[in-house]
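>>> With the input below, show me the fold.
(2 chains)
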Amino acid sequence: MGEAQRLREFGVEEGATVEVLHRAGLLGRGALACRIGRMTVAMRHAHGDAIHVRTDPAATPETAVASSSAPSSAHPSAQAITAS
Amino acid sequence: MTAQPLVALVGNPNAGKSALFNALTGARQKLGNYPGVTVERKSGRLALEDGRPVELVDLPGTYSLTPTSPDEEVTRDVILGKQRGERLPDALVLVVDASNLENHLRFVLEVLDLGLPAVVALNMVDLAARDGLELSPEALSEALGVPVVSTVAVRKRGLDHLLHELTGLIDGDAVPVRPSTGDMSFAERRAKARDLARIAIVGETPSRRLTQAVDRVALHPVLGPLLLLGLLFLMFQAVYAWSEAPIAMIEGWAEELGDLATALTPEGYLRSFLVDGVINGVGSVVVFLPQILILFFFILMLEATGYMTRAAFLMDGLMAKVGLSGRAFIPLLSSFACAVPGIMATRSISDPKDRLTTILIAPLMTCSARLPVYAVIIGAFIPARSVGYGVGLQGLVLFALYVGGIVGAMLVALVLRRTVAKGQSAGLLMEMPKYQWPRWQDIALGLWQRAMIFLKRAGTIIFVSTIILWALLSFPKPPAGSDVSPVGYSAAGRIATVLNVVMEPIGFNRDISLALIPAMAAREVAVSALATTYSIDAGDDEEKLEQSLGERLKNNWSLPTALAFLVWFVFAPQCISTIAVTRRETNGWKWPAFMVGYLFAIAYVAAGITYWTAVAAGL
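Alright, predicted model coming up:
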């Protein structure tokens, strides 16, 4: 509810481009820093998991490598389809 | 008499609203509270082009008119004219981040629908230009139907133009017809905002983004935490290293003032009151102003540059482990300055259990009021030598005390989240602003306000409690020829003797028990209390009078006692303001009572363990 609203206010919506920039944490899964439009937003994996994404076929090889080494449902550079 | 016109600053968080507010009002600011809610009202006076005064109010930042916190509710209610204790603004300044138009314009559209006269401040255009964005305020103004002004608040650019437009709005001339988006849904309004952004952005060249480059290091999984730790370590070393000279200066003044008072007053109660009570007591606290300002300087810098949210991001993993949100890191870091604003800053945490836990552990963050206590004890008992690599032992001990508080807080949070504040953690969701070099005037203004608050405390609470203590310590006088010391015979001495029955097992002496009572008013009073006690105890003994507080402590305390005293102050709830603000923020006495109880228990046990261990180790 409140958090879904906040995600939408941050620009997470159908068709928006989401890119994972940073992952925090030496120990376990830390927070994610995502680029949404022109904004950088910090979120936990629970929020990242709630954003349905489709990997952009035009993603650069570098980002593609990053995604395979650290699997997550929020792929680096992906299109958000819906936000719950 | 008609009230001055009211102008409100409205905008998303991180739009640079506060910087614009500072640039427009300078030091002429008034801090207050909205009635009935614990939200700060920040207002200032602004002169229009023709010199007419208007009141400018800085409303809390919000992303939309659907509030998720009490702060955001105030913003909505003020611009709807529904906020108690506030009139409907005559005009709004809508502050938007020029490099994030798509998001900020959606909120602008939402606010413009309310129909209040408004001007849009396209703020931080310099950062947008740095990112390769070329903007046309004219095109945006035409599309929005309201004046649009480019500003760089931190460089004071565009302010004259903004004032010109505001003057026009206040005079009520030329109110253009604006396209209404009142019946639009969130998504439609967003789409419209995107169209508007496309109109406003006339050129975009891809450029190397400074923020992203810095973040590659600052948010790096290995380098990031190291950098954060390094910054915190530097901060605590600086508190010692940079403060030596100014402290010596203040001490010199206090000494001269004491000599002057001694010369000007006759021998007797008046001199004792002035020299032992006022100058010695208050002076021993004021002397820590440089250290407190250094600490605040770092905290203000971390906030203003945008690093603070990075710290929250890095700490989130650790915070999650004890059931807290990374968001709690910001209130907790503020608590290093003072727990009162720290506890008030927990309002940004929307989950009630998260928030309660953060409030309850905030007093464990070592606040600046404890600094005088630590500084005087460390100065007296810990040798000022280097442990190598330019790291001082004293700074290291101070760092350890801070770490002790943090570790304690984490353990307490862990327990609380499994007992009284059980529940799912709400997590972290926040915008990370661009890095920005702050305006020195903003930092200076923040430091000035903090210094005034501290000196006001020294002038009121500390002054009054010092005087009461001086009286309790000075009377009744022992009869001539008595072998009981003056302090031991006094009213305060007798109270402390009773209290000391409880405190003796953990290594505290009567003077400490005595100092703990007035320290409930403000922690730093413990120092002035000890100063007054030993000053009166010295009586007319020339040799004793020459000694500094540190030397007097050294003669009266053992090292284990000093260590136990330090550890006591890491945990003990020695401040009435903190208890009062906890009561206000939790709406009742239940949680403050719980807080005081658990903190005293931990303080007693921890100080005891320290004392017994130190004695056993033969220190």
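
>>> Work out for me the element the closest residue to chain A within chain B sits within.
At 3.5 Å from chain A, residue B:317 is the closest residue in chain B, using CB to the nearest CB. The way it works is simple: take the backbone N, C-alpha and C, and place the C-beta from them, glycine included. Under the criterion of DSSP states H and E, residue B:317 resides in helix B:307-321.

>>> Pull the residues that contact that helix.
Among residues not part of helix B:307-321, those counted as contacts by CB atoms under 8 Å, 6 or more residues apart in numbering or on different chains are A:22, A:24-31, A:33, A:42, A:44, B:215, B:218-219, B:224-225, B:228, B:231, B:302, B:325-330, B:333, B:410, B:425, B:427-428, B:430-433, B:435.

>>> Can you name the element that comes right after it?
Next in sequence after helix B:307-321, counting helices and strands by DSSP H and E, comes helix B:329-334.

>>> CA atoms of that following helix as PDB?
Extracted in PDB, the C-alpha atoms of helix B:329-334 (Å, rounded to 0.1, in the frame of the first residue of the first chain):
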ATOM      1  CA  PHE B 329      20.500   5.000  10.400                       C
ATOM      2  CA  ILE B 330      19.800   8.600   9.800                       C
ATOM      3  CA  PRO B 331      17.900   9.300  13.100                       C
ATOM      4  CA  LEU B 332      20.500   7.200  14.900                       C
ATOM      5  CA  LEU B 333      23.400   9.100  13.400                       C
ATOM      6  CA  SER B 334      21.700  12.400  14.300                       C
END
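
>>> For residue B:428, see how far away the residue of chain B closest to chain A is.
Distance, residue B:317 to residue B:428, using CB to CB, to the nearest Å: 10 Å.

>>> so where's the stretch 151-300 of chain B uncertain?
B:173-183, B:207-208, B:240, B:284 (pLDDT under 70).

>>> give me that answer again for 90
Along the stretch 151-300 of chain B, segments meeting pLDDT under 90 span B:153-159, B:165-214, B:216-217, B:220-222, B:225, B:229, B:231-300.

>>> Going by residue numbers, what spans are helices in it?
Taking DSSP state H, counting those that start in this stretch as the criterion, the stretch 151-300 of chain B carries its helices at B:159-171, B:186-200, B:210-218, B:223-241, B:244-264, B:269-271, B:283-286, B:289-305.

>>> Please identify the most buried of those helices.
Across the helices of the stretch 151-300 of chain B, averaging neighbours per residue (mean count of other CB atoms under 10 Å in any protein chain shown) puts helix B:283-286 on top, at a mean of 24.

>>> can you list the residues that contact that one?
Outside of helix B:283-286, the residues within contact range by CB under 8 Å, 6+ apart are B:250-251, B:254, B:257-258, B:372, B:376, B:455, B:458, B:462, B:524-525, B:527-528, B:531, B:549.

>>> Over to stretch B:290-306?
The set of residues external to stretch B:290-306 that reach it, using CB under 8 Å, 6+ apart, is B:14, B:211, B:231, B:235, B:238-240, B:242-243, B:246-247, B:250, B:308, B:311, B:333-334, B:336-337, B:368, B:371-372, B:375, B:432-438, B:442-443, B:446-447, B:450-451, B:454.

>>> what's the spacing between that stretch and its chain's center?
Using CA atoms, centre = their mean, to the nearest Å, the mean C-alpha position of stretch B:290-306 is found 9 Å from that of the whole chain.

>>> Tell me the residues of chain A that contact chain B?
Contacts of chain A with chain B, taken as CB under 8 Å from any CB of the partner chain, map to A:2-3, A:5-11, A:13, A:21-31, A:33, A:37-44, A:46-47.

>>> Now with 10 Å, please.
Counting by CB under 10 Å from any CB of the partner chain, the residues of chain A lying close to chain B are A:1-3, A:5-11, A:13-14, A:16, A:21-47.

>>> Does residue B:148 touch residue B:139 like I think?
Yes - in terms of CB atoms under 10 Å, residue B:148 counts as a neighbour of residue B:139; the distance is 8.7 Å.

>>> the more surrounded of these two?
residue B:148 (23 against 16; other CB atoms under 10 Å in any protein chain shown).

>>> In chain A, where is pLDDT below threshold?
Within chain A, the stretches with pLDDT under 90 are A:1-32, A:34-40, A:42-84.

>>> And stretch B:47-57, what's buried?
Along stretch B:47-57, the positions that meet the burial threshold by neighbour count (16 or more other CB atoms under 10 Å in any protein chain shown) are B:48, B:54-57.

>>> Other residues contacting stretch B:581-590?
Surrounding stretch B:581-590, the residues in contact under the criterion CB atoms under 10 Å, 6 or more residues apart in numbering or on different chains are B:38, B:338-344, B:346-347, B:352, B:355-356, B:359-360, B:362-363, B:420, B:573, B:575, B:579, B:591-596.

>>> pLDDT (mean, whole number) over it?
Over the span of stretch B:581-590, the pLDDT mean works out to 82.

>>> On the secondary structure side, give me the element for the closest residue to residue B:552 other than its chain neighbours.
Excluding its sequence neighbours, the residue lying closest to residue B:552 (CB to CB, 6 or more residues apart in numbering or on different chains) is residue B:534, at 4.2 Å. Following DSSP H and E, the helix or strand that holds residue B:534 is helix B:525-538.

>>> Next up, the contacts around residue 25.
You didn't say which chain, so I picked chain A. Applying CB under 10 Å, 6+ apart to residue A:25 gives the contacts A:31-32, B:221, B:224-225, B:313-318, B:320.

>>> ah, I was thinking of chain B
B:42-47, B:55-56, B:58, B:445.

>>> contacting residues for residue B:161?
Contact partners of residue B:161, counting by CB under 10 Å, 6+ apart, are B:119, B:121, B:137, B:147, B:149-151.

>>> Oops, could you answer that again for residue B:368 instead?
Here residue B:368 is in contact with B:239, B:288-289, B:291-296, B:299, B:335-339, B:450, B:454, B:523-524 (CB under 10 Å, 6+ apart).

>>> just the strands in chain A please.
Counting by DSSP state E, the segments of chain A that form strands are A:17-23, A:32-36, A:39-43, A:51-55, A:78-83.

>>> Can you tell me the SS state at residue B:573?
Taken by DSSP: H, G, I helix; E, B strand; the rest coil, the conformation at residue B:573 corresponds to coil.
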